[in-house]
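[1] Sequence plus the predicted model coming up.
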Amino acid sequence: MVDNNDISLMNVHPLNPTNQVTKANYLIEGNYNMSLPESKIMEAVLSMLDENEEKMNYIEIDTKELCNFVKVNLRELKEFTLDMVKKAVVFTGRDEDGTEKLIQTTWLDSAVYYPAKGIVRLRVSEELAPYLLGLRHRKLPYTRFAVDELISVTYYTKRIYELAMQYKKIGKRPEMTIQEFRQKLGIDDNKYALFAHLKSRVIDPSIKSIAGNEKMPYLVSYELIRSGRAYKSIIFYTKKKTVYMDSLSDNSTETITTAKDIQKMEIEKVREYLRGFGFDEAVQNGYDEGQLRFIADLLYKKINASVLKKFLSEKGFDYVKKNNDIALQRMANGGKSYGAILFSALKGDYAGEAEEQRKRQAQMQSNGKTKTAEEIKELIKRNEEAYAQQDKEKFSDEVTIINDIEITFLNRSIARKGDCSEPAAHRIYLKHKKSTVPKIREAIKLLEAGKEIPVNFFK
């Protein structure tokens, strides 16, 4: 950093996402709005400030490096820095004698580009110096963040995280009105005018993003306070993620098949965690303790919260539980992606299909129609005329033969060998009616020869 206009003395600083940013809480409490690129530029600049300085100096950054960091081109970078020279930052501060004052300033005093050197020289507003520099000896309350915490999320998510994190030591931010919340995030009254929209498009996505962001070490949850029928204010809560997740590894078998940590948690901690994903008290009251722990377990496993809530609301808890059992069976048989398998199971109702298969098989057995491999071969042979000469893969329409083949070979032989599940076997038949029987005949020969059926043979 230099504090003069001699470009020969420029000291270009490299960008480092692991750098720290320190902000006085007075500044965090301010009212302002920024685009996501502007926010990233500002955090990059603030991370390069020397906290021991008393006054703002210039920060020189390689323009190409800054463009890559912010993911914009040079023309866009110039537009964003121009806006940052003009955009207002409004917050309440204090003089050294404690006198309260309202500060109206901008983020940057200036932005000077040197095309020949590929450098931009930025200077943070001098009015912000007491709230960014020398905070320890000024004895102002402040909060420290890693740059990559603040640049890895949307602007609204970053602001909610900042506002909550000031109170991480006590775990609860004082109540603030919805109007104050809007002002701090720079959301005017015409945007998301309905609170339901503000909640669904700003608050809930931000809470979810924080919970799923590995760079952010704290969870944030919230509570809404009513005045009559309307929500008047909001309270944010913070909790260190490691309190819940130290022993949960994303790649371990335990996170897929057990819920040890969740079962040991106090139920209030489980409830608090669920609030962080938008499961408010009204929703939680519809489930017993065991069901709440089950839902929390799914969220720990990175299951999409909005998808989970949708199926719980529309299909019910038992529907989700039964299809989760199917997903766990798939994982035990070598499945790779638990989240993807569970989503498919919920969408396709694998549990319902499996139950229908069991009923059909029980009915066939009670009617004495379950066939052995030899009997199936004989049935196919006797119905050879069902295959038209012009199309060797055309199959007979006789339901009895279809069910015998489907149940005996697809459900038992194929599913047992792990090639696919029983519901999947049924879907294979429905999708490939014309080619199923020839495939089964080929599978019979392989099985009789003592050979394994190849992976994906029926897919």
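    Thanks, I have it. Nothing here was measured: the structure is a model prediction, and the numbers come from that model.

[2] so where do the strands sit in this structure?
    Per DSSP state E, the chain carries strands over the ranges 20-24, 58-62, 88-94, 100-106, 108-114, 119-124, 142-146, 176-177, 218-227, 230-240.

[3] which residues touch the shortest one?
    Outside strand 176-177, the residues within contact range by CB atoms under 8 Å, 6 or more residues apart in numbering are 184, 232-235. Yep, even glycine has a C-beta here, placed from its N, CA and C like the rest.

[4] hmm, back to that, include mean pLDDT when you put the strands of the chain into a markdown table, please.
    Below are the strands of the chain laid out as a markdown table (pLDDT from 0 to 100):
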| stretch | mean pLDDT |
| --- | --- |
| strand 20-24 | 91 |
| strand 58-62 | 93 |
| strand 88-94 | 93 |
| strand 100-106 | 95 |
| strand 108-114 | 96 |
| strand 119-124 | 96 |
| strand 142-146 | 91 |
| strand 176-177 | 94 |
| strand 218-227 | 91 |
| strand 230-240 | 91 |
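
[5] Mind putting those into CSV with mean neighbour count?
    Below are the strands of the chain laid out as CSV (neighbours: other CB atoms under 10 Å):
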stretch, mean neighbour count
strand 20-24, 20
strand 58-62, 20
strand 88-94, 17
strand 100-106, 13
strand 108-114, 16
strand 119-124, 22
strand 142-146, 18
strand 176-177, 16
strand 218-227, 17
strand 230-240, 17
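
[6] Please dump the ones you listed into JSON lines; it should also carry distance to residue 33 for every row.
    Formatted as JSON lines, the strands of the chain follow (distance: least, CB to CB, whole Å):
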{"stretch": "strand 20-24", "distance to residue 33": "17"}
{"stretch": "strand 58-62", "distance to residue 33": "23"}
{"stretch": "strand 88-94", "distance to residue 33": "9"}
{"stretch": "strand 100-106", "distance to residue 33": "13"}
{"stretch": "strand 108-114", "distance to residue 33": "15"}
{"stretch": "strand 119-124", "distance to residue 33": "18"}
{"stretch": "strand 142-146", "distance to residue 33": "19"}
{"stretch": "strand 176-177", "distance to residue 33": "17"}
{"stretch": "strand 218-227", "distance to residue 33": "20"}
{"stretch": "strand 230-240", "distance to residue 33": "18"}
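
[7] So which of these is nearest residue 166?
    strand 142-146 (5.1 Å; CB to CB).

[8] by how many degrees do the closest one and strand 20-24 diverge?
    160 degrees (axes from the mean of the first three to the mean of the last three CA atoms, to 10 degrees).

[9] ok, strand 142-146: who's next to it in the sheet?
    Taking DSSP bridges as the criterion, strand 142-146 sits next to strand 20-24 (antiparallel) in its sheet.

[10] which residues sit against the partner strand?
    43, 46-47, 51, 130-132, 135, 140-147, 150, 162.

[11] before we move on, the earlier item: residue 291: which of the strands of the chain is closest?
    strand 218-227 (19.1 Å).

[12] could you say what helices and strands that closest one packs with?
    Here strand 218-227 touches helix 155-165, helix 204-212, strand 230-240, helix 267-275, going by 3 or more CB pairs under 8 Å, 6 or more residues apart in numbering; DSSP states H and E.

[13] what do you get if the cut-off is 6 Å, keeping everything else the same?
    helix 204-212, strand 230-240 (3 or more CB pairs under 6 Å, 6 or more residues apart in numbering; DSSP states H and E).

[14] As a markdown table, those with distance to residue 177 would be great.
    Formatted as a markdown table, these follow (distance: least, CB to CB, whole Å):
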| stretch | distance to residue 177 |
| --- | --- |
| helix 204-212 | 18 |
| strand 230-240 | 5 |
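
[15] For residue 181, see how far away the residue nearest to residue 73 when sequence neighbours are not counted is.
    Residue nearest to residue 73 in three dimensions, not counting chain neighbours: residue 67, with 6.2 Å by CB to CB, 6 or more residues apart in numbering. Per CB to CB, to the nearest Å, residue 67 is found 33 Å from residue 181.

[16] Likewise for residue 15?
    31 Å.

[17] and if you look at residue 80?
    Taking CB to CB, one finds residue 80 at 25 Å from residue 181.

[18] Repeat that for residue 241.
    Distance from residue 241 to residue 181, by CB to CB: 24 Å.

[19] higher neighbour count, those two?
    residue 181 (20 against 17; other CB atoms under 10 Å).

[20] okay, that one: pLDDT?
    Looking at residue 181, its pLDDT reads 96.

[21] Residue 317: what's it in contact with?
    residue 291 (CB atoms under 6 Å, 6 or more residues apart in numbering).

[22] Apply 7 Å and report the result again.
    287, 291 (CB atoms under 7 Å, 6 or more residues apart in numbering).

[23] Report the beta-bridge partner residues of the closest residue to residue 104 other than its chain neighbours.
    Spatially, and ignoring its direct neighbours in sequence, residue 104 is nearest to residue 90 (5.2 Å; CB to CB, 6+ apart). Taking DSSP bridges as the rule, residue 90 bridges to residue 31, residue 104.

[24] Quick check, residue 90 in contact with residue 105.
    No. In this structure, residue 90 is not within contact of residue 105 by CB atoms under 7 Å, at 8.1 Å.

[25] Pull out the buried positions in stretch 339-356.
    Neighbour counts over stretch 339-356 (16 or more other CB atoms under 10 Å) mark 341-346, 349-354 as buried.

[26] Of all pairs in those, which one is the farthest apart?
    343 and 354 (16.9 Å).

[27] what about the nearest residue to residue 209 once chain neighbours are set aside, neighbour count?
    Excluding its sequence neighbours, the residue lying closest to residue 209 (CB to CB, 6+ apart) is residue 157, at 4.8 Å. Counted with other CB under 10 Å, the neighbours of residue 157 add up to 23.

[28] Residue 157 touches residue 208, doesn't it?
    No. Taking contacts as CB under 7 Å, residue 157 lies outside contact range of residue 208: 9.1 Å.

[29] any idea of the mean pLDDT for stretch 281-288?
    Here the average pLDDT along stretch 281-288 is 88.

[30] any idea which residue sits dead centre in the chain?
    Centroid-nearest residue in the chain: residue 212, 4.8 Å away (criterion: CA atoms, centre = their mean).

[31] ok, now how distant is that one from residue 205?
    Residue 212 is 11 Å from residue 205, by CB to CB.

[32] quick one, phi psi at the residue nearest to residue 132 when sequence neighbours are not counted?
    In space, residue 132 comes closest to residue 49 once its chain neighbours are excluded; the distance is 6.0 Å by CB to CB, 6+ apart. In terms of degrees, to the nearest 10, the main-chain angles of residue 49 are phi -70, psi 150.

[33] separation between residue 49 and residue 296?
    In terms of CB to CB, residue 49 sits 41 Å off from residue 296.

[34] what about the two, which has more around it?
    residue 296 (24 against 20).

[35] can you tell which of the strands of the chain is closest to residue 442?
    Of all those, strand 218-227 comes closest under CB to CB, at 53.8 Å.

[36] where does the stretch 251-400 of the chain have low pLDDT?
    251-263, 302, 333-336, 360-400 (pLDDT under 70).
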